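S.K.: Below are the sequence and a predicted model for it; my questions follow.
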Amino acid sequence: MSSVQDTVFDIIAKESGIDRARITPEATLKDLEIQSLDAVQIIFEIEDHFKITMPDRDPQFDTESVKGLVETVERLLAEQATQPAP
């Protein structure tokens, strides 16, 4: 398990109040019964923690599933690492 995945799982568990053991990469936020307001807070916490901006309704990014969230964070971090500092 990657450290990004670990962190995303921790954030989802903390913000939604669900047991971390219930969170799997294959689960969707809907499967985990996470309300939309909690989902928004989860996205904000992920953005804050990793210093990134998650895409909003971009079909190239899956932000509905746990695996998609992890992959999106990893992709954004990789893009950020290749860009020159301002």
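M.R.: Structure's in. What do you need? Numbers count the residues shown, from 1 in each chain.

S.K.: The helix or strand hosting V70 packs against which elements?
M.R.: Assigning secondary structure by DSSP states H and E places V70 in helix 66-82. In terms of contacts (3 or more Cβ pairs under 8 Å, 6 or more residues apart in numbering; DSSP states H and E), helix 66-82 is packed against helix 3-16, helix 36-50. Any C-beta I mention is one placed from the backbone N, CA and C, and that applies to glycine too.

S.K.: which one of these is the most hemmed in?
M.R.: helix 3-16 (a mean of 17; mean count of other Cβ atoms under 10 Å).

S.K.: What lies in contact with that helix?
M.R.: Around helix 3-16, the neighbours that count as contacts under Cβ atoms under 8 Å, 6 or more residues apart in numbering are 18-20, 23, 25, 29, 32, 34, 38, 41-42, 45-46, 49-50, 66, 69-70, 73-74, 77.

S.K.: Would you convert the helices and strands packed on helix 66-82 into JSON lines that also reports mean pLDDT and distance to D56?
M.R.: What follows is the helices and strands packed on helix 66-82, written out as JSON lines (pLDDT from 0 to 100; distance: least, Cβ to Cβ, whole Å):
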{"stretch": "helix 3-16", "mean pLDDT": "96", "distance to D56": "18"}
{"stretch": "helix 36-50", "mean pLDDT": "94", "distance to D56": "9"}
